[in-house]
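Engineer: sequence-free structure coming up:
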């Protein structure tokens, strides 16, 4: 596998997408803050981008929103206050909201408990 084949964690701005764009294809992990300078936002993004492989394996897409004034469709739907980490399933359901950064291990453990992810694991022939 050469460098061009290395999977990359997709990170998009909330003003460019809606949650419906990812329905049944990806698991959005949405990171909100009132400013990109928020230390919790910076920490969360560092945690996510430092270990992208487990997230990519779970079809995660990271959506960021650090501008409350932009009033993105994602922000309007999820209505965060300050920093918020939100995990959303492929079915569009909000499965978890956290007021503090979470590391990749915590995120992937949470995702692996979701029914659709358990089905995917069984279908792949792992652990089931």
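Structural biologist: That came in fine, so what should we check first? Keep in mind the model is a prediction, meaning the values are calculated, not measured.

Engineer: what about residue 119, how many residues close to it?
Structural biologist: 11 (other CB atoms under 10 Å). To be clear about C-beta, it is placed using only N, CA and C from the backbone, and glycine gets the same treatment.

Engineer: now residue 90
Structural biologist: Applying other CB under 10 Å, we find 18 other residues in the vicinity of residue 90.

Engineer: Would you mind giving the secondary structure of it?
Structural biologist: For residue 90, the reduced secondary structure class is coil; criterion used: DSSP: H, G, I helix; E, B strand; the rest coil.

Engineer: Which positions within the lengthiest helix in the chain qualify as buried?
Structural biologist: Counting by DSSP state H, the longest helix found in the chain is helix 39-50. Residues 40, 41, 44, 45, 47, 48 are the ones in helix 39-50 that count as buried (16 or more other CB atoms under 10 Å).

Engineer: which other helices and strands contact it?
Structural biologist: If you count contacts as 3 or more CB pairs under 8 Å, 6 or more residues apart in numbering; DSSP states H and E, helix 39-50 packs onto strand 10-13, strand 27-32, strand 60-65, helix 104-112.

Engineer: Point out the most buried one among these.
Structural biologist: With neighbours defined by mean count of other CB atoms under 10 Å, none of the helices and strands packed on helix 39-50 is more surrounded on average than strand 27-32, at a mean of 25.

Engineer: what does that strand rub up against?
Structural biologist: Contacts of strand 27-32 with the rest of the structure, by CB atoms under 8 Å, 6 or more residues apart in numbering, involve 14, 19, 22, 41, 44-45, 48, 55, 58-66, 74-75, 78, 80, 82-90, 107, 111.
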